[in-house]
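# could you look at this predicted model? Sequence included:
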Amino acid sequence: MLYRIILEKRELNKKMIAVLLDPDQCKGSLLSATIAELKTATPDFVFVGGSHAVNSVNSIIEILKEETDCPVILFPGDASQFSIKADALLYLSLLSGRNAEFLIGQHINSSVSIKKSMIEVIPTGYLLIEGNKTSSVEYISNTRPIPRDKKDIALSTAVAGELLGMRLIYLEAGSGAKEVVPLDMIKHLSTELSIPIMVGGGIGTEEQLIDAFRAGADIVVVGNAFESNPRKITEFVNATRKYQ
Ligand code: 1GP
């Protein structure tokens, strides 16, 4: 069970890194270069999905499972992004927004088939934080992000998620965000929450990675920076291991 692994690593104060692959972007030579890195770097998790992924997640997951030992977790933008071949599913509820479709609607559309599939489901409270750039999540979900200086709103939202039974909180500045999730917001939430915190959006340097860990992130998610340069996967995984 991957969630148990997350809790065990967190208990040992081991930080984790997830490589996010968007099936629409990660193809051809980029996919080959990424796979080559994943084989040797072995990050904690590979997430597959995106808020606007048109291509099926199935084929990329098949390749990942054949060629690497990385645990693959679905990070779906909507109910169509599902594959039984993945190891687990982040069952994301967009708690920062007030669009019922992304709070519960997509879940109702997919719940019975997900349950039947027996895939590991990790209920995750998804909080979109203003990243100083309109994100795809904001546009597609038609919701507003939590303002950067409103860490108490972020906290109340995350605690509501925890009380509703969610197992993870994902602080998301949006893919390609100009500004990453504020460190004081991560710190504020990590001291109050009992469940693990993931942070992502716009993280492109080792310094930003380490800052997020230091502020209290248990898992950092990186997508864009690895698409521009897959070699960074090894560098970021090494930095994560060294942090411990
Ligand atoms: C997006 O948080 C993730 O959902 C990753 O963002 O692509 O900017 O790393 P980047």
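On my side now, so go ahead.

# contacts only, for Leu74.
For Leu74, the contact set (Cβ atoms under 8 Å, 6 or more residues apart in numbering) comprises Phe47, Val48, Gly49, Val57, Gln81, Phe82, Ser83, Ala86, Ala88, Leu89, Leu90. C-beta coordinates here come from the backbone N, C-alpha and C atoms, glycine included.

# now do 10 Å
Leu74 makes contact with 47-49, 57, 61, 81-92, 114, 119, 121-122 under the criterion Cβ atoms under 10 Å, 6 or more residues apart in numbering.

# just the buried members of those?
47-49, 57, 61, 81-83, 85-92, 114, 119, 121-122 (16 or more other Cβ atoms under 10 Å).

# give me the subset of those residues that also touch the ligand.
Among these, not one lies near the ligand by Cβ under 6 Å from any ligand atom.

# packing partners of the lengthiest strand in the chain?
When the chain is parsed with DSSP state E, its longest strand is strand 120-128. Packed against strand 120-128 by the contact rule (3 or more Cβ pairs under 10 Å, 6 or more residues apart in numbering; DSSP states H and E) you find helix 2-11, strand 72-74, strand 88-94, helix 106-117, helix 136-141, helix 151-163, strand 168-172, strand 197-200.

# I'd say Lys187 and Phe213 touch.
No: applying Cβ atoms under 10 Å, one finds Lys187 not in contact with Phe213, separated by 11.4 Å.

# with neighbour numbers in mind, choose between those two.
With neighbours defined as other Cβ atoms under 10 Å, Lys187 and Phe213 compare such that Phe213 has more, 22 against 15.

# for the closest residue to that one other than its chain neighbours, grab the count of nearby residues.
With sequence-adjacent residues excluded and distances taken as Cβ to Cβ, 6 or more residues apart in numbering, Phe213 is closest to Lys15, at 4.6 Å. When neighbours are defined as other Cβ under 10 Å, Lys15 has 22 of them.

# look up how far the ligand lies from Lys15.
16 Å (Cβ to the nearest ligand atom, to the nearest Å).

# show me what contacts Thr124?
73, 75, 89-93, 95, 161, 166-170, 195-196, 198.

# close to the ligand: what parts of this structure are there?
Counting by Cβ under 6 Å from any ligand atom, the residues of the chain near the ligand are 20, 172, 175-177, 200-203, 221-225.

# and the furthest pair within those residues?
Among the residues of the chain next to the ligand, the pair separated by the greatest distance (Cβ to Cβ) is Glu172 and Ala225, at 15.3 Å.

# comparing those two, which residue is more hemmed in?
Glu172 (25 against 21).

# picking up where we left off before, tell me which of the residues of the chain next to the ligand fall in strands.
Using DSSP E, the residues of the chain next to the ligand in strands are Leu20, Glu172, Gly200, Val221, Val222.

# with that, I have no additional questions.
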